[in-house]
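**Student:** Generate coordinates for the sequence data below:
(chains A, B and C)
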Amino acid sequence: MVWFADISQEATPQTMFLQQLINGLTTGSAYALIALGYTMIYGILGLINFAQGEIYMCGAFVTVLLLATGQVPFLVAVAAGLIGAAILGLILERVAFRPLRGAHPLVPLISAIGASIFLQSLALLLFGPNNRPFPLTFDFAAMNLWGLPVNTLEAVILLAALGFMGLLVLFVRYTRYGKAIVACALDRDTARLMGINVDRMVSLTFVVGSALSGAGGIMMAIYYNATYPRMGFLPGLKAFSAAVLGGVGNIPGAILGGLLLGVAESLGAAYISSSYKDAIAFIILILVLLIRPQGILRGRGH
Amino acid sequence: MTAFIVHLAILAGIYIILAVSLNLIVGYAGQVSLGHAAFYGIGAYASTLVAMSWEVPYPLAALWAMLVSGLCGLALGLPTLRLKEDYLAIVTLGFGVIIDLVIRNLEITGGPDGIVGVPTPVILGLSFRNPLLYLLLVGLGVGFSLLFTYLLVNSYHGRALKAIRDHEITAQVMGINSPAYKVAIFALAAALAGLAGSLFAHYIKHINYESFGLHTSILIVCMVVLGGMGSILGSVLGAIILTVLPETLRQFQSYQDLIYGGLLVALLVWRPQGLLGKGKLSLKFLERKE
Amino acid sequence: MLTLKSLQAGYGQLMVLKGISLHVRPGEVVTLIGGNGAGKSTTLRAISGLLPVWRGQVEFNGQDLSRVPAEQIVGLGLALVPEGRRVFASLSVLANLELGAFHRRDSRQVRADLLDLQERFPILKERARQPAGTMSGGEQQILAISRAMMARPQLLMLDEPSMGLSPRNVQLVYDILRELKEQGTTLLLVEQNARAALRLADRGYVIETGRIILDGTAAELQDDPEVKRAYLGKGYREVWE
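**Tutor:** Numbering: from 1, shown residues only, chains lettered A, B, ... in the order given. Purely as a prediction, here's the structure:
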């Protein structure tokens, strides 16, 4: 799973626990990034973008493919991955969502499923089913950060993820368009009265949400050293659970839900059962929907 | 050649049952189940296990499959059917994933390798090993499913269901227990899927998790959408088309999923009522709300 | 400034406005009064582009608005304070005000206007960072009006500004509207509360089941026996006195 130098530390139960915790937070950040995409889109459209996982995958692929050529510097490749994911999100919105405005909610849902399958198959056809390792090797050292057995890879990913999430919060709170997006999510008609073009804000939401998901994909491509067409399927679904857990439509909720889910999965896999690891997300989803459907931080019902 | 046609016909028949059963959920409960193949799988394994371990005669095994699937449908539907469409869709999908995992990991289901050597049905001394005979058996299954659906639609309960679908609040005011009906439909649909599973298992004789995963669930959804959500005949048509076409266009096999995905999007954008939508179980909800 | 000619509009299959004609001149305060369901809000929504115009004309400063999408209306100089205030509850008071000026490009002037409004209505400064949803009804109405004023409209439309407010708050709101009037802002006021509206307005129209049945100066309407009976009758006295 992690492919850098092993932690030269005694594997006491505490360190193992902490390792699982850190691992959970790391994968949880990826879930959180995708969940943010879901939650923003749900907030403004009231729809679940089923293909969010494929956008995550797209970000990873663009970066990996560019890096594999050996001609592209790392940061440029990452930026390209983000842009690629954003573009895909935009296309998706135009093709699979916008024409279905006003129809029964089942319709865009199934449409998104169709888009998801289409994209997965397309990637399969174009790139083959095999795992691609990340084209760059990083020299990550094991560290001991205040007693936490974290290594620099995890630290970097966590920081980067937190950075993106922080940027999003700043965007939504302090920029003109960020506030406009929230306004559209709260009260579409009144937003229009302010002169806000809701269609454009929807597109912007897709762009931002997709870039975040793409970032998550790139991070996991590095972390697991694996990029493959189906890589977005399960994380996409699990991220939805994370969004629900935190409260759909609620941005801090998506972050919280993602991190919690990641940790729950990691600890569950280590201490309860690893073969049913993937079921944890869905069990949590069903429990949340039954017991407290608005999620932890109280999402907005639509 | 005829053997191939018979084989296709059997598969088509099984998928007809699956599509018609999913259509019940879509057309009457107004929900989509993205994990329908899970009930298909549950039925298959239930029938297999009971036939192999206890040498139960086939009809009872099939009934048992329906019962187990139906109960699972009840168990899933009871707490979740009140959720909104998109939430329920993901819950059913998650359910499908969980069942997939369970099938893959449990010992009695043979783990990832599945179960080999599912017994051939023997009814009243007649062995159904001959594919033509099996086709007859499947035909019986299809006939039963269609008859059941037809009777349901035209019964008092069918009218109650229509009332719920079209004007839920009014129906409730009139004393129709809407949640109960929706759950019942869900359970019945699951039971039918279980029947299909049983028929499948005893035909193909070797079952594993691959046949009952998300891929299959989506395929069934495609069939229903293609044929027209809410139209029984449409589901039959959709099932036949999507069983026969991939086989006749073998060279496009690798593009199969691509086509399914693209088909779904294209259908919903350009012709959401599918081929025969606005038929018997016509759904007004496909109309745009403005 | 604003002219409606035989405006027809409705919801779905139902025609609510059956041919409304009215006009507003610059600097005037015009009120549209009527009972529940008469079509008052519908009229404003049709002008604002939130509701499609079926037939007839909506002319503003010589421009036909009937095909203009809602988000472009405010840029043309028309702002609406919607029914029920509709502040963005989870956004801060400040954010609400800033959104009111969304379409404006002159950021320095926007800042100045913001400070100006905060001067006039100290509550907006006090609660600047608080979510708008925590404000009381009266405060929200002040916010909603200020938010619309942030757009620097030529014509300000208000949809039942007194609705759901205590008598004291209604007085407060109308005092503000009077201030606006004195500063020369053109107002189109839709109200169920005919008494307060007619006290403020220069002219008025009475709408009933989608048609204008009466129009005249505010004084004329106040003296009109029909109006008195239907809209200024005993029932209202309890609320107002």
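**Student:** and the top helix by length along chain B, what other elements does it pack with?
**Tutor:** Taking DSSP state H as the criterion, chain B has its longest helix at helix B:178-204. Applying 3 or more Cβ pairs under 8 Å, 6 or more residues apart in numbering or on different chains; DSSP states H and E, one finds that helix B:178-204 contacts helix B:2-24, helix B:36-54, helix B:58-80, helix B:131-153, helix B:156-166, helix B:168-173. The C-beta positions use only the backbone N, C-alpha and C, and glycine is treated the same way.
**Student:** What is the last one packed up against?
**Tutor:** For helix B:168-173, the packing partners by 3+ Cβ pairs under 8 Å, 6+ apart come out as helix B:156-166, helix B:178-204.
**Student:** Could I get the buried residue list for the longest one?
**Tutor:** Burial within helix B:178-204, assessed by neighbour count using 16 or more other Cβ atoms under 10 Å in any protein chain shown, is assigned to B:178, B:181-203.
**Student:** following that helix, which helix or strand comes up?
**Tutor:** strand B:206-207 (DSSP states H and E).
**Student:** what's residue 184 in contact with, if anything?
**Tutor:** Just so you know, I chose chain A. Applying Cβ atoms under 8 Å, 6 or more residues apart in numbering or on different chains, we find residue A:184 in contact with A:44, A:191, A:196, A:198, A:201, A:202.
**Student:** wait, chain C
**Tutor:** For residue C:184, the contact set (Cβ under 8 Å, 6+ apart) comprises residue C:27.
**Student:** Check whether it sits in a helix, strand or coil.
**Tutor:** State at residue C:184, reduced to three classes by DSSP: H, G, I helix; E, B strand; the rest coil: coil.
**Student:** If we look just around chain C, which residues of chain A are in range?
**Tutor:** Residues of chain A lying near chain C by Cβ under 8 Å from any Cβ of the partner chain: A:176, A:179-180, A:182-183, A:186-187, A:189-198.
**Student:** picking up where we left off before, quick one: which of the contacts of residue A:184 has the most company?
**Tutor:** Top of those by neighbour number is residue A:191, holding 27 neighbours under the definition other Cβ atoms under 10 Å in any protein chain shown.
**Student:** before we move on, back to that, quick one: which of the contacts of residue A:184 is nearest residue C:201?
**Tutor:** residue A:191 (29.4 Å; Cβ to Cβ).
**Student:** what residue is smack in the middle of chain C?
**Tutor:** By Cα atoms, centre = their mean, chain C has its centre lying nearest to residue C:158, at 0.8 Å.
**Student:** quick one: secondary structure of that one?
**Tutor:** Assignment for residue C:158 (three-state DSSP): strand.
**Student:** ok now do it, which residues does it touch?
**Tutor:** So residue C:158 contacts C:80, C:81, C:145, C:148, C:177, C:187, C:188, C:189, C:190 (Cβ under 8 Å, 6+ apart).
**Student:** ok, what's across the strand from it?
**Tutor:** For residue C:158, the beta-bridge partners are residue C:81, residue C:189 (DSSP bridges).
**Student:** Just to be sure, which of the contacts of residue A:184 are found in helices?
**Tutor:** A:44, A:191, A:198, A:201, A:202.
**Student:** Next one, pLDDT for the residue of chain C positioned farthest from its centre please.
**Tutor:** Ranked by distance from the centre of chain C (Cα atoms, centre = their mean), the top residue is residue C:108, with 26.8 Å. Predicted confidence (pLDDT) for residue C:108: 90.
**Student:** For residue C:101, see how far away it is.
**Tutor:** Relative to residue C:101, residue C:108 is positioned 12 Å away (Cβ to Cβ, to the nearest Å).
**Student:** Residue C:175 too?
**Tutor:** Distance from residue C:175 to residue C:101, by Cβ to Cβ: 24 Å.
**Student:** Which one of these two is surrounded by more residues?
**Tutor:** residue C:101 (24 against 11).
**Student:** Spatially nearest residue to residue B:242 (excluding sequence neighbours)?
**Tutor:** Residue nearest to residue B:242 in three dimensions, not counting chain neighbours: residue B:223, with 5.0 Å by Cβ to Cβ, 6 or more residues apart in numbering or on different chains.
**Student:** make that residue C:164, sorry
**Tutor:** In space, residue C:164 is closest to residue C:137, 5.7 Å off (Cβ to Cβ, 6+ apart).
**Student:** got the phi/psi numbers for the residue in chain C positioned nearest to chain B?
**Tutor:** For chain C and chain B, the shortest gap (Cβ to the nearest Cβ) falls at residue C:12, measuring 7.3 Å. Note on residue C:12: its backbone torsions stand at phi 60, psi -120 [degrees, to the nearest 10].
**Student:** Can I take it that residue C:54 is in a strand?
**Tutor:** Yes - with three-state DSSP as the criterion, residue C:54 is part of a strand.
**Student:** so it sits right up against residue C:8, yeah?
**Tutor:** Yes - between residue C:54 and residue C:8 there is a contact under Cβ atoms under 8 Å: 4.4 Å.
**Student:** Just say helix, strand or coil for the nearest residue to residue B:160 once chain neighbours are set aside.
**Tutor:** The shortest distance from residue B:160 to any non-neighbouring residue, by Cβ to Cβ, 6+ apart, is to residue B:176 (4.9 Å). State at residue B:176, reduced to three classes by three-state DSSP: coil.
**Student:** Where do the helices of chain C begin and end?
**Tutor:** Under DSSP H, chain C gives helices at C:40-48, C:70-73, C:93-100, C:107-120, C:122-126, C:137-149, C:167-182, C:194-200, C:218-223, C:225-231, C:234-240.
**Student:** thinking again about what came up before, spit out the residues that contact residue C:54 and residue C:8 alike.
**Tutor:** Common neighbours of residue C:54 and residue C:8 (Cβ under 8 Å, 6+ apart) are residue C:15.
**Student:** Could you measure from the residue nearest to residue B:242 over to residue B:196?
**Tutor:** Distance of residue B:223 to residue B:196, given as Cβ to Cβ: 12 Å.
**Student:** Touching both of these two, which residues are there?
**Tutor:** Common neighbours of residue B:223 and residue B:196 (Cβ under 8 Å, 6+ apart) are B:15, B:18.
**Student:** Using CSV, write down the CA coordinates of stretch C:70-80.
**Tutor:** Only the C-alpha atoms of stretch C:70-80 are listed here, as CSV (Å, rounded to 0.1, in the frame of the first residue of the first chain):
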residue,chain,number,x,y,z
ALA,C,70,-34.4,37.8,-14.7
GLU,C,71,-30.7,38.2,-14.0
GLN,C,72,-30.4,41.0,-16.4
ILE,C,73,-33.2,43.1,-15.0
VAL,C,74,-31.4,44.6,-12.1
GLY,C,75,-28.6,45.8,-14.4
LEU,C,76,-31.2,47.8,-16.3
GLY,C,77,-32.2,49.7,-13.1
LEU,C,78,-35.0,47.7,-11.6
ALA,C,79,-34.7,46.1,-8.2
LEU,C,80,-37.2,44.0,-6.4
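**Student:** Columns distance to residue A:27 on top of the helices of chain C, output as a markdown table?
**Tutor:** Below are the helices of chain C laid out as a markdown table (distance: least, Cβ to Cβ, whole Å):
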| stretch | distance to residue A:27 |
| --- | --- |
| helix C:40-48 | 48 |
| helix C:70-73 | 41 |
| helix C:93-100 | 34 |
| helix C:107-120 | 42 |
| helix C:122-126 | 45 |
| helix C:137-149 | 43 |
| helix C:167-182 | 53 |
| helix C:194-200 | 61 |
| helix C:218-223 | 68 |
| helix C:225-231 | 65 |
| helix C:234-240 | 61 |
